[in-house]
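Student: Predicted model, plus sequence, below.
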Amino acid sequence: MFHIRLKVALLFIVGFVIGFLIALFLSVIQPKNKLPTHHASLHDLYEPWFVKQNLRRYRKTFDTLRYSGQTFLTESTYLYNKIEIACLVLVRRIKYVKAAQMTWGTQCNHLEFINLKPTKNKLPSKKNITNSAWYLLCKNLSNLPDTFHWVLVLNENTFALLENLRYLVAPLNSSAQYYLGHSMVFWGIRYNSGQAGYLISNGTLSALKRKVKEDSCSSDSVFWNLEDYYLGRALSTLNITTSDTRDKRGLAVFHGFNLQKLFSPGSIELSNYFKHSTYPTLCCSTRSVTFQVQGTSSMYTYSYLLNQLQIFASGSYGNRMATTPVPEYEVWKTLLREHGRNYTNISPEEYYEFWVDLVSDPNSFSSKLKSGN
């Protein structure tokens, strides 16, 4: 009996080991996560739309744009004027407000901040339900004018590239019902993650306003900080659901984390985020629209690198001397003549006194600069 049991145990162990080795072998020969070469994408629509606008695109160097003295209509300026986007920012940390105003927020046609009162209580009582994030977002959306084509909702620590966003939505009919972002699934409801920001069209906003008239914003809120989920649930009752916003290679454009974390995957938080994503997601598209930042200084840094830093790879305009109506060696004489002074026999000391009376001495001038006067 003992030998039979031993033989059975050995067979079980051997079978288990063989099964494990086969599974390991199959996992090794499986191809790694390859980027899909192509899939149906919203990003494929822009170029055909651009052609239909009877527009032509010309490449210009920064040297030409900056120093040629000519005026050009850039593609981003054209899209800014054609596609009006209202930006609603949910604010939990007030320090980000000014940074958003001074950086990415300048590309919004309308920028509005919704101040959320921070709370540790996830289950608000009936008497303070109107302080919940969903209620405040719902009320602000319902009061927003219908003049904007799109509404972007995001958290205060999110950096948005409105130029890329307009590239994404330009071919779409804003009067139709669109709900764009990083799609997630929670309790059987598909919604766009608030961490990554989300976008609703004018058509979706109009449908939401009609629903709010019949059903108060405060009647459907249980948890404080799930405004993104509640918006998705409200829109699902209107048969409006999320869309696949990945680019044609399957790379995400709406990001719910900062770039450092996205470029170094492996954290539990990031794994759970992608686990609940509706579509298989890889990082990161060259047409990315949103990502989070760590601190206000990062917001200024990204704004400088993306919108202000200019690389002069070629060109010659910037190396030419600026044309002036008066030769440089005649400027000081012209200044004296304009103020009724004789320049033929003026001494250096007299010229300095004249300049101090006209402007300020260096110390006074420096003090005025520091005081802002």
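Tutor: Noted; the coordinates are in hand.
Student: hey, where'd the strands end up in the stretch 1-150 of the chain?
Tutor: Under the criterion DSSP state E, counting those that start in this stretch, strands of the stretch 1-150 of the chain are mapped to 85-91, 110-115, 150-155.
Student: Out of those strands, which is closest to residue 173?
Tutor: strand 150-155 (11.2 Å; Cβ to Cβ). Bear in mind the C-beta positions are built from the backbone N, C-alpha and C, glycine included.
Student: How far away from the center of its chain is the helix or strand just after the closest one?
Tutor: Under the assignment DSSP states H and E, the closest C-terminal helix or strand after strand 150-155 is strand 158-160. Chain-centre distance of strand 158-160: 4 Å, with Cα atoms, centre = their mean, to the nearest Å.
Student: Identify the residues contacting the helix or strand just after strand 158-160?
Tutor: Going down the chain from strand 158-160, the next helix or strand is helix 162-169, by DSSP H and E. Where contact means Cβ atoms under 8 Å, 6 or more residues apart in numbering, the residues beyond helix 162-169 that reach it are 42-43, 46, 76, 79-80, 83, 85, 87, 104, 107-108, 149-150, 152, 178, 180, 199, 201, 245, 253, 287-289.
Student: one more time with 6 Å
Tutor: 42, 46, 76, 79, 83, 107, 150, 287, 289 (Cβ atoms under 6 Å, 6 or more residues apart in numbering).
Student: Report the contact partners of the first one.
Tutor: Yep, that's residue 42 we're talking about. residue 168.
Student: Against residue 194, how distant is it?
Tutor: Separation of residue 42 from residue 194 (Cβ to Cβ, to the nearest Å): 21 Å.
Student: those strands in the stretch 151-300 of the chain, which residues are they?
Tutor: For the stretch 151-300 of the chain, the strands defined by DSSP E, counting those that start in this stretch occupy 158-160, 179-181, 183-186, 189-192, 198-201, 254-258, 290-292.
Student: what's the closest of those strands to residue 137?
Tutor: Here strand 198-201 is closest among those (Cβ to Cβ), at 10.9 Å.
Student: how far does the closest one sit from the chain's center?
Tutor: Distance, centroid of strand 198-201 to centroid of chain: 13 Å (Cα atoms, centre = their mean).
Student: again, but for stretch 297-316
Tutor: Taking mean C-alpha positions (Cα atoms, centre = their mean), stretch 297-316 and its chain are 16 Å apart.
Student: same question, stretch 288-300
Tutor: 8 Å.
Student: tell me the contacts of the residue nearest to the spatial centre of the chain?
Tutor: Nearest to the mean C-alpha position of the chain, counting by Cα atoms, centre = their mean, stands residue 160 at 1.1 Å. Residue 160 makes contacts with 104, 290, as judged by Cβ under 6 Å, 6+ apart.
Student: gap between it and residue 154?
Tutor: Per Cβ to Cβ, residue 160 is found 6 Å from residue 154.
Student: and what of residue 231?
Tutor: On the measure of Cβ to Cβ, residue 231 and residue 154 end up 13 Å apart.
Student: Domain map for this structure?
Tutor: Per the TED database, the structural domains of the chain span 42-118+128-308, 328-371.
Student: Now do the end-to-end distance for the longest one.
Tutor: Using Cα to Cα, to the nearest Å, the span of domain 42-118+128-308 from its first residue to its last is 28 Å.
Student: Just the mean pLDDT for it, thanks.
Tutor: On average, the pLDDT along domain 42-118+128-308 is 87.
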